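Chemist: Sequence plus predicted model, see below.
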Amino acid sequence: MKQEVNELIDPLKFRDRIDIKGIEKSMLVDMLRKMVLIRKAEEKLSEHVESGKIKCPCHLGIGQEAIGVAVSLVMRKSDRAFGAHRSHSHFLALNENTYSLFAEVLGKYDGCSHGMGGSMHIVDNDNGFKGSVPIVGATIPIATGAALAAKMDKAGDISISYFGDGACEEGVLHESLNMASIMNLPVLYVCENNLFASHLHIDLRQPSNSTSRFARAHHINYSTVDGNDVVGMYKLLKSEIESMRSSNTPYYLEAYTYRWKGHVGHRDDIDVGVKRGAQLDAWKKRDPIKRLADSLIHEGILTESECQNLNNEIQNKINSDWEKAELASFPQNEFLITQVYS
Ligand SMILES: Cc1ncc(C[n+]2csc(CCOP(=O)(O)OP(=O)(O)O)c2C)c(N)n1
């Protein structure tokens with residue numbers, strides 16, 4: 001028997017303004033700025049996957065910006081976050097360093113992994129992003145181990161594990177949840193449930209479109225949320241993470257969202273899979289950025305022209321960082337021996 005989780009997967013719902021009450025103006029503007037930066041950075045990447053200048057595979061998360069931004073705002077630099085193949089938003093939400101990301105995907109020495117990693121091996125130790133790898137599910141146990149280390153350090157740090165709904169089909173998720181539960185580890189599991197694993201919709205892969213049932217099975221507290229509501233997720237995480245830090249408990253956040261681009265590259269992939277063609281336009285109307293911007297304008301926090309200026313400033317930064325990255329140098333050949341190992 002198939003079970004639908006709830007209305008969170010309905011793209012006709014949750015399209016309106018979001019509840020921004022109780023959050024400081026500077027925090028709201030920061031959220032908007034970070035999401036716009038991530039969106040525009042990925043649009044630039046999309047343009048240059050298409051132009052052929054980017055040679056590495058690029059998994060774009062346009063449409064999913066709110067999740068990484070909400071998490072980044074409750075993190076501290078000593079926390080330890082781990083991502084996967086679709087992690088540009090997790091990286092940029094923490095450091096806004098579009099130059100470092102652009103240089104990386106172009107294989108340049110100035111990139112965050114000195115041009116050796118490309119889009120799927122990005123890292124920023126200083127800001128808490130400990131790295132991403134493309135093997136689906138591979139960083140979930142690493143994040144769990146990092147939570148054990150954090151607990152032993154007794155400094156109240158936590159670890160964060162980002163993964164997609166497809167990663168729940170890997171055994172390591174289940175082993176990790178069990179270990180985090182039985183050992184009381186402060187790890188925040190963040191499932192970005194965009195309903196797809198490559199081209200296959202979750203309805204064709206699972207008896208239910210909820211992955212948080214796995215947290216429940218392991219006695220881990222969890223929430224299922226609108227992953228396109230940055231403020232809602234921020235409010236929830238703020239209180240949950242405080243208690244994780246003091247009591248060393250795991251938490252599972254299932255954030256429902258949708259990626260606007262195909263699995264990899266610049267195309268929309270509307271001709272692939274059974275549901276995408278029908279749903280993509282509807283999900284674009286549940287845009288996390290527009291919903292926050294509309295809310296800020298409606299509440300008189302920003303004017304339309306201030307919003308436009310913010311967009312323009314970010315676009316200028318993106319353009320100039322891209323141009324600078326194109327001019328940057330490639331790493332020396334010796335780096336293949338000194339920086340890459342197997
Ligand atoms: C162990 C493993 N199996 C298969 C793949 C091929 N693969 C890459 S991404 C992906 C789908 C992952 O889906 P999900 O975890 O939901 O993340 P999303 O792409 O939706 O962000 C697959 C099957 C892989 N990289 N690693």
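Modeler: Ah, there it is. Numbering: from 1, shown residues only.
Chemist: Can you measure across stretch 247-260, start residue to end residue?
Modeler: 38 Å (CA to CA, to the nearest Å).
Chemist: list the buried ones in that stretch?
Modeler: Across stretch 247-260, burial judged by 16 or more other CB atoms under 10 Å covers 248-260. From N, CA and C alone the C-beta is placed, and that goes for glycine too.
Chemist: Is it possible to get TSV of those residues that adds distance to the ligand and secondary structure?
Modeler: Compiled in TSV, the buried residues of stretch 247-260 are given as follows (distance: CB to the nearest ligand atom, whole Å; DSSP: H, G, I helix; E, B strand; the rest coil):
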residue	distance to the ligand	secondary structure
N248	27	coil
T249	25	coil
P250	19	coil
Y251	19	strand
Y252	15	strand
L253	15	strand
E254	12	strand
A255	12	strand
Y256	12	strand
T257	10	coil
Y258	10	coil
R259	7	coil
W260	12	coil
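Chemist: Out of those residues, which two sit at the greatest distance?
Modeler: N248 and W260 (37.3 Å; CB to CB).
Chemist: what's in contact with the least confident helix or strand in the chain by mean pLDDT?
Modeler: The least trusted helix or strand in the chain, going by mean pLDDT, DSSP states H and E, turns out to be helix 335-338, with a mean of 84. Contacts with helix 335-338, where a contact means CB atoms under 8 Å, 6 or more residues apart in numbering, come from Y109, H114, M116.
Chemist: where does the residue nearest to L173 when sequence neighbours are not counted fall, phi/psi-wise?
Modeler: Residue nearest to L173 in three dimensions, not counting chain neighbours: I140, with 5.3 Å by CB to CB, 6 or more residues apart in numbering. Main-chain dihedrals, I140, degrees, to the nearest 10: phi -60, psi -50.
Chemist: And for L73?
Modeler: The phi/psi pair for L73 (degrees, to the nearest 10) is phi -80, psi -10.
Chemist: next one: the one 10 residues further on
Modeler: Phi and psi for G83, reported as degrees, to the nearest 10, are phi -120, psi -160.
Chemist: do the same with V36
Modeler: phi -70, psi -40.
Chemist: what residues are up against the residue lying closest to it once chain neighbours are set aside?
Modeler: Nearest residue to V36 in three dimensions, chain neighbours excluded: I314, at 5.2 Å (CB to CB, 6+ apart). Neighbouring residues of I314 by CB under 8 Å, 6+ apart: R33, V36, L37, K40.
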